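**Q** Pasted the sequence and its predicted model underneath.
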Amino acid sequence: MTSARCPRLFEVEALRDGRLGGAEQKTFERHLVTCAACAREAAALDKLAGAARADARSAGVANELHVLRERTRLLAGFDRVLVSPRRRAGARRVLLLPSAALVAVAALMVVWFGRPASSVRPGRADVRADSTTVWSRRVAIGNREEIALQRGLLWIRVDHSSGHRGLLVSLPDGELEDVGTTFTVSADGGRTTRVAVEEGRVSLRLRGRPAVDIGPGGVWLPTAPPPPVVGPTSPVPPLPTSRPTHARHPSAVPTAPDPLVEFRAAMEALRAGDGRQAAAAFTRFLVEHPRDPMAEDAAYLRIIALQRAGASADVKRAAEEYLQRFPTGFRRAEVEKL
Amino acid sequence: VTERSHQGRLGAAISAVATDPEVMRRLAAGDTSAMGAIYDRYAHSVRGFLAQATGGAADVDDLVHATFLAAADGAGRYDGRASCRPWLIGIAAQLLKRRRQTFGRFIAFVSSFGGTRVAHADPRAALQARSDVGRALLTIAEPKRVAFLMAEVEGLTCPEIAATLGVPIGTVWTRLHAARRELRRALEVDEP
């Protein structure tokens, strides 16, 4: 059969789905060799399946850090399942009923009042940094706190008993997820240089390397020393980089001076026309007093100081940091233009 | 390099050449490293299937987790076939079915209070789809889409799909036929 419309065309799909069997299958397979219309139909179905398979391959693609993060989450979930005793199905059903009722009531409130219930802000992690450390923090989606460490040393304690939802430290070359309570992390020259855990556990995920779980007392160091940074000298006053030595105890972190005095000193430098010194002073202020009411002003004035110093690359970076730290800041529109 | 390596309850590392049935046996015994091994082998496939079946929904990662945790729960009942990929896909399809039913009931309940208009499909998902066939897949109903993906992408037989989804085999054939017809229309591929 070679006509454009073969009466046995429907059997192409039947053969594909295993609906034909025995003699019926054999006769149709013989027919398929000689019928152009049925062969075209079979080729069209093959092409459709091939396109779907190609789409599936791209659909499963996720970036390396995401895969590592999800793997850690899964293994932690599996550990919890292993540790917690299995509840009986009946008991689960009894618990499910009031939960469903609560969810329904919450949904009703959302629909009727047209606004979501106010979320409870979780406790913040206790983070301490020395004066040379460059870092920022924000509360991300799902109330998970995120800290970005560019360089220097951070001492971090997360109190999970206060309802903290978890902490993620973004590093120049990867990320560190808190699974426990107290640890220090250092970065220098665009690389993580040391992680030391005092209590609990952390999961370190660096690009191009397998994830590492570090337990209490564990210290992670890179296998090779970081390559020297080659490039044009930044016009910004160089901040002294921290050297990864021993894990610092909170009491070892120097006490911050009066924020007002520091802010005034930075302003004096700016008024005197010394943009580089002013930028460094505002950077120090932001590191030492991140929660001070003048922090937003300091972040903005640091951009101005860098502009006056002619450090255009650093202006952009400082503007990004401002927007990240103060997403609803007073000078947002102005900074966004930079 | 960890100066003090954290072993915890992790067992010995699973060899890359360990067979799937062997890994499943260890998973059934509660070996966390077996879970890591099975995830490394099939997370990409399971994620791809779920992303295609849901049109890249926001809860794809949660569904992947639920699939692997359910697999661990049922590892003792694994039938011993050489590759556990079709088995994992079956679990993922069952979770999708449960999710669809639960979500459908919830949406119906909320929308019954009036004033709430529920869109049947999120147009953003179609815009973000990776390819023409990805966009076309989003235009067909989820049960048909899942049957099509299980058969044509994952290579499951119709009786296997029927057993996994808990529907008669005739329903699987009908869904497959309808899915192909609608996909070809959406892609403007010549129909017989």
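**A** Arrived safely.
**Q** Nearest the geometric middle of chain B, what residue?
**A** Geometric centre of chain B, nearest residue: residue B:92, 3.4 Å, by CA atoms, centre = their mean.
**Q** Please, which helix or strand holds it?
**A** According to DSSP states H and E, residue B:92 maps onto helix B:85-111.
**Q** Mind giving me the packing neighbours of that helix?
**A** Judged by 3 or more CB pairs under 8 Å, 6 or more residues apart in numbering or on different chains; DSSP states H and E, helix B:85-111 is in contact with helix A:89-113, helix B:32-54, helix B:60-73, helix B:142-148, helix B:158-165. For every residue, glycine as well, the C-beta is placed using N, CA and C.
**Q** What residues sit buried inside it?
**A** B:85-93, B:95-97, B:99-100 (16 or more other CB atoms under 10 Å in any protein chain shown).
**Q** likewise stretch B:27-36?
**A** For stretch B:27-36, the buried set under the neighbour-count rule, 16+ other CB under 10 Å, comprises B:27-28, B:30-36.
**Q** Now look at that stretch and say if it contacts chain A.
**A** Yes. Applying CB under 8 Å from any CB of the partner chain, one finds stretch B:27-36 touching chain A at B:30, B:32, B:35-36.
**Q** Could you find the residue in chain B that comes nearest to chain A?
**A** Closest to chain A within chain B is residue B:48: 2.7 Å, counting by CB to the nearest CB.
**Q** Would you mind measuring from that residue to residue A:57?
**A** Noted for residue B:48: a distance of 7 Å to residue A:57, by CB to CB, to the nearest Å.
**Q** So for those two, which residue has more residues nearby?
**A** When neighbours are counted by other CB atoms under 10 Å in any protein chain shown, residue B:48 and residue A:57 differ, and residue B:48 comes out ahead with 24 against 13.
**Q** one step back: need the pLDDT of the residue nearest to the centre of chain B.
**A** pLDDT, residue B:92: 92.
**Q** likewise residue A:128?
**A** pLDDT at residue A:128 comes out at 78.
**Q** circling back to that earlier point, show me the residues around the residue nearest to the centre of chain B that make contact.
**A** B:46, B:49-50, B:53, B:63-64, B:67 (CB atoms under 8 Å, 6 or more residues apart in numbering or on different chains).
**Q** The same query, at a cut-off of 7 Å, please.
**A** Neighbouring residues of residue B:92 by CB atoms under 7 Å, 6 or more residues apart in numbering or on different chains: B:46, B:49-50, B:63, B:67.
**Q** Residue A:136 too?
**A** A:148, A:321, A:324-325.
**Q** quick one: secondary structure of it?
**A** For residue A:136, the secondary-structure state derived from DSSP: H, G, I helix; E, B strand; the rest coil is strand.
**Q** Please name the bridge partners of it.
**A** Beta-bridge pairing for residue A:136 (DSSP bridges): residue A:148.
**Q** Residue B:52 - nearest residue in space that isn't next to it in sequence?
**A** Counting by CB to CB, 6 or more residues apart in numbering or on different chains, residue B:52 lies nearest to residue A:59, which is 4.7 Å off, once chain neighbours are set aside.
**Q** Buried ones among the contacts of residue A:136?
**A** Burial of these was assessed by neighbour count (16+ other CB under 10 Å); the buried members are A:148, A:321, A:325.
**Q** Can you add distance to residue A:219 and pLDDT and give those back as JSON lines?
**A** Rendered in JSON lines, the data for these read as follows (distance: CB to CB, whole Å; pLDDT from 0 to 100):
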{"residue": "A:148", "distance to residue A:219": "22", "pLDDT": "83"}
{"residue": "A:321", "distance to residue A:219": "29", "pLDDT": "86"}
{"residue": "A:325", "distance to residue A:219": "30", "pLDDT": "84"}
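**Q** between the residues you listed, which is closest to chain B?
**A** residue A:148 (22.4 Å).
**Q** show me the contacts for that closest one.
**A** Taking CB under 7 Å, 6+ apart, we find residue A:148 in contact with A:135-136, A:170.
**Q** How many residues are close by residue A:293?
**A** Burial of residue A:293 is recorded as 8 neighbouring residues (other CB under 10 Å).
**Q** Can you identify the element that follows the strand or helix carrying residue A:306 toward the C-terminus?
**A** Counting by DSSP H and E, the element that carries residue A:306 is helix A:295-308. Where DSSP H and E defines the elements, the next helix or strand beyond helix A:295-308 is helix A:312-325.
**Q** hmm, who's touching that next one?
**A** So helix A:312-325 is in contact with A:136, A:138, A:234, A:236, A:299-300, A:302-303, A:306-307, A:329, A:332, A:335-336, A:338, going by CB under 7 Å, 6+ apart.
**Q** what comes up buried for it?
**A** Of all the residues in helix A:312-325, those buried under the rule 16+ other CB under 10 Å are A:314-315, A:317-319, A:321-323, A:325.
**Q** Next secondary structure element downstream of that helix?
**A** Downstream of helix A:312-325, the first helix or strand assigned by DSSP H and E is helix A:332-336.
**Q** and that following helix, what does it pack onto?
**A** Packing contacts for helix A:332-336, counted by 3 or more CB pairs under 7 Å, 6 or more residues apart in numbering or on different chains; DSSP states H and E, involve helix A:312-325.
**Q** just to revisit the earlier point, out of the contacts of residue A:148, the closest to chain B would be?
**A** residue A:170 (18.9 Å).
**Q** so who does that closest one touch?
**A** By CB under 7 Å, 6+ apart, residue A:170 lies in contact with A:146, A:148-149.
**Q** do that again at 8 Å, thanks
**A** Each residue near residue A:170 by CB under 8 Å, 6+ apart is listed here: A:146-149.
**Q** Thank you kindly, that will do.
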